[in-house]
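Visitor: Got a sequence here, can you model it:
(chains A and B)
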Amino acid sequence: KAGVTQTPRYLIKTRGQQVTLSCSPISGHRSVSWYQQTPGQGLQFLFEYFSETQRNKGNFPGRFSGRQFSNSRSEMNVSTLELGDSALYLCASSPQGSGGELFFGEGSRLTVL
Amino acid sequence: GIQVEQSPPDLILQEGANSTLRCNFSDSVNNLQWFHQNPWGQLINLFYIPSGTKQNGRLSATTVATERYSLLYISSSQTTDSGVYFCAVGGYSSASKIIFGSGTRLSIRP
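Guide: Model prediction:
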């Protein structure tokens, strides 16, 4: 069974640009959640999607958004990039969401110059 | 929201030693997992353990939900055990977010 796949793995952007990251969950998993990891703030929850609906959202500005498609694949978008958005973005899938075991992808490492 | 504290923040041991990592949480949880973050950043599942005890080879974990803590035991440490260990918890509410601890950085010296 294939694991969680995140693309791209690495990317470099400049301030003011926008970025879209993709996450394909494990087959059969309906929940996808996103996390940001930085040296200063640690691992922080961004949002969770279940059956194409955002079920939960972390404390991030509106520049961070996401969506989930009917095949459970998810994308997150960050607009008007800031230097502080440089981070490892991790996606996790779960069979049922709340209370379920999370399985993480390898992450997308974003550098903003 | 739920607060999660991990201790110790750093741990340096000789190969072959045993270690105990702790995760304290401030409220009832229905989701608790232990992860090992590999050098490339991926979080590797160790245990899904909202309560009880589990073992997998040299690793075992115990969660005492009523006392709001979980322990991860690593026996006969190997250099490949080095890295950062995280616990993550989630509450019972459907609006509950997964909260990660700040991690324990384990360094195993040969």
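
Visitor: Only C-alpha atoms from now on, for both contacts and neighbour counts.
Guide: OK.

Visitor: count of neighbours near the nearest residue to residue A:73 once chain neighbours are set aside?
Guide: In this structure, residue A:73 finds its nearest non-sequential neighbour in residue A:24, 4.6 Å apart by C-alpha to C-alpha, 6 or more residues apart in numbering or on different chains. By other C-alpha atoms under 10 Å in any protein chain shown, 23 other residues sit near residue A:24.

Visitor: in terms of contact, does residue A:24 touch residue A:8 like I think?
Guide: No - if you go by C-alpha atoms under 8 Å, residue A:24 and residue A:8 don't touch, sitting 11.6 Å apart.

Visitor: Provide the partner residues of residue B:11 in its beta bridges.
Guide: Following DSSP bridges, residue B:11 is listed with bridge partners residue B:106.

Visitor: What is the burial count for it?
Guide: Residue B:11 has 16 nearby residues by other C-alpha under 10 Å.

Visitor: Are stretch B:40-56 and chain A in contact anywhere?
Guide: Yes - counting by C-alpha under 8 Å from any C-alpha of the partner chain, chain A is contacted by stretch B:40-56 at B:40, B:41, B:42, B:43, B:44, B:45, B:48.

Visitor: what about the fifth one, how many neighbours?
Guide: This means residue B:44. Neighbour count of residue B:44, defined by other C-alpha under 10 Å: 18.

Visitor: Close to chain B: what parts of chain A are there?
Guide: Counting by C-alpha under 8 Å from any C-alpha, chain A sits next to chain B at A:42-45, A:55-58, A:88, A:98-101, A:103-107.

Visitor: Among those, name the buried ones.
Guide: Buried residues within those, counting neighbours by 16 or more other C-alpha atoms under 10 Å in any protein chain shown: A:43-45, A:55-57, A:88, A:98-101, A:103-107.

Visitor: now the strands for chain B?
Guide: Here chain B has its strands, by DSSP state E, at B:4-7, B:10-14, B:19-25, B:31-37, B:43-48, B:52-56, B:59-64, B:69-74, B:83-90, B:99-100, B:104-109.

Visitor: looking at the ones you listed, which is buried most?
Guide: Greatest average neighbour count among the strands of chain B goes to strand B:83-90 (a mean of 24), per mean count of other C-alpha atoms under 10 Å in any protein chain shown.

Visitor: and that one with strand B:31-37, angle?
Guide: Our comparison of strand B:83-90 with strand B:31-37, counting by axes from the mean of the first three to the mean of the last three C-alpha atoms, to 10 degrees, yields an angle of 160 degrees.

Visitor: What helices and strands are in contact with strand B:83-90?
Guide: strand B:4-7, strand B:31-37, strand B:99-100, strand B:104-109 (3 or more C-alpha pairs under 8 Å, 6 or more residues apart in numbering or on different chains; DSSP states H and E).

Visitor: Thanks a lot, catch you later.
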